[in-house]
Structures are given as structure tokens and as C-alpha cells.
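Trainee: The sequence and its predicted three-dimensional model are supplied below.
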Amino acid sequence: EAGVVQSPRYKIIEKKQPVAFWCNPISGHNTLYWYLQNLGQGPELLIRYENEEAVDDSQLPKDRFSAERLKGVDSTLKIQPAELGDSAVYLCASSSGGLYNEQFFGPGTRLTVL
Amino acid sequence: GQQLNQSPQSMFIQEGEDVSMNCTSSSIFNTWLWYKQDPGEGPVLLIALYKAGELTSNGRLTAQFGTTRKDSFLNISASIPSDVGIYFCAGHQGETSGSRLTFGEGTQLTVNP
């Protein structure tokens, strides 16, 4: 069974440019998460989707970050415009329904903003 | 910000040695999870703990959910080179499905052959 797929794996952009990350969760997983991982830190939740609904986006900086999961399957996270401090790894995870359900993580997209 | 204090930040050990790392919080957690992250990969779940006092093993790994529900430890016995990586503790504070998972800052483990 395929795991969580993310693309691109690496992205280098100049500040003020837009960037988008894509995630395809494990088949059948209705819950999708986007995390931000700064260097030397643990992941921090940005947004959680239950199917196509964003049920926890309180940590998402909405002035420049946006996300969508239109058909309740794959998802896109966008930053516009990117800032130097956005350089980090963006992880996607998915899980099936249930209490304290295990989250399976993708390999992440490493973003470098110059 | 993160509420889990993980220690030590890094460890350098010889192959065959045992390792212990722990995680503490000022808040009560309802689950404690331990993940391992290899370079260029996402975290992978090693052990999940759901009850205060619970002691769970997974091969050479043993983890315990502290009785106060504010701490947990992970032990690795007879370390091998492939144990190298970053180990994260994580936990849920809520009691509902999908409550937010909080991560510690990680322990970087280096194993010298």
C-alpha cells in the first residue's frame, strides 16, 4: 500500500514569490494534516481536514497561507508571498477515523526561501 | 508554542549501549507517543501509550506513560547503527477524536559502530 505522497520534495524560491505544496494521503484516510517543521524542532500543526472540511486551522497564518482539499482526497498548501522565515519542512500526514488514530507522515517538502 | 520538554537534546553512544530519553510537561496528556525521524523522511510511530502507568515494548524499545500523566520515557536496549535518528515524543491533551498532537523538540541519537 502506498504511503502519503508529497511533492515537490524540495523547493527553492526567492522571497515574495508564491509556492504550493501537494499531498496525496493514504487511500481511505479521511483526515489530513499539514505540519510545519522548523530546523531542530518537532512538527507543529498548521491545519487539519476531516474530509473536505478544515476543522482546525487556528495555527494557520491566514494572511499568507491557504490550504484546500476540494474533493476530500488530495490537498494543496499555498504560501503567497513567501518570506525568509518560511524556510522549513512542510509535512503532510493522514489518518483514518477514530479516537487518537495513528497519523502516517509523508516525507515532507523542504522549502528554502532566499 | 510547544509544551513538551524533551531531554537530552542529543546523545552520542557506542553500539551495544542502552539509551534512555524522556519527555515532561506541565500539563496532563491523555496519550504519549514516540516517533523516530530519519533524514529526509517524515516521523514514524514507534510506540503509543494510552493509560497512565502503561509500560509497552516494541522489540528493543520500551516506553512508559508516567503515573502523573505529565511524563514519559523511552528506552532503547543494545543500540545498533540503524537506531541513528531523531526521536520525538508527542501527546494528545484532549479526549476527542482528532485532538491536536503536540510534539517535543526531539532527541538526536548518534550510534558509533
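Mentor: Received, thanks.

Trainee: Show me what from chain B comes close to chain A.
Mentor: Within chain B, the positions lying close to chain A (C-beta under 8 Å from any C-beta of the partner chain) are B:2, B:4, B:30-31, B:40-45, B:48, B:50, B:88, B:90, B:92, B:96-101, B:103-106. Every C-beta, even on glycine, is put in place using the N, C-alpha and C of the backbone.

Trainee: Can you give me every residue that contacts the residue nearest to A:K16 when sequence neighbours are not counted?
Mentor: Here the nearest residue to A:K16 in space, its sequence neighbours aside, is A:P81; by C-beta to C-beta, 6 or more residues apart in numbering or on different chains that works out to 4.3 Å. For A:P81, the contacting residues are A:K15, A:K16, A:Q17, A:P18, A:R64, by C-beta atoms under 8 Å, 6 or more residues apart in numbering or on different chains.

Trainee: Kindly indicate which of those residues lies nearest A:D74.
Mentor: Out of those, the one with the shortest distance to A:D74 is A:P18. That distance is 18.9 Å, counting by C-beta to C-beta.

Trainee: Can you give me the neighbour number for the residue nearest to A:H29 when sequence neighbours are not counted?
Mentor: Spatial nearest neighbour of A:H29, chain neighbours left out: A:S94 (3.8 Å); criterion: C-beta to C-beta, 6+ apart. The number of residues packed around A:S94, counting by other C-beta atoms under 10 Å in any protein chain shown, is 26.

Trainee: I figured A:S94 was touching A:Q103, is that so?
Mentor: Yes. At 7.1 Å, A:S94 and A:Q103 qualify as touching, with contact defined as C-beta atoms under 8 Å.

Trainee: any residues in contact with both of the two?
Mentor: Taking C-beta under 8 Å, 6+ apart as the contact rule, the neighbours common to A:S94 and A:Q103 are A:Y33.

Trainee: Three-state assignment for B:S82, please.
Mentor: The three-state assignment at B:S82 reads helix, by DSSP: H, G, I helix; E, B strand; the rest coil.
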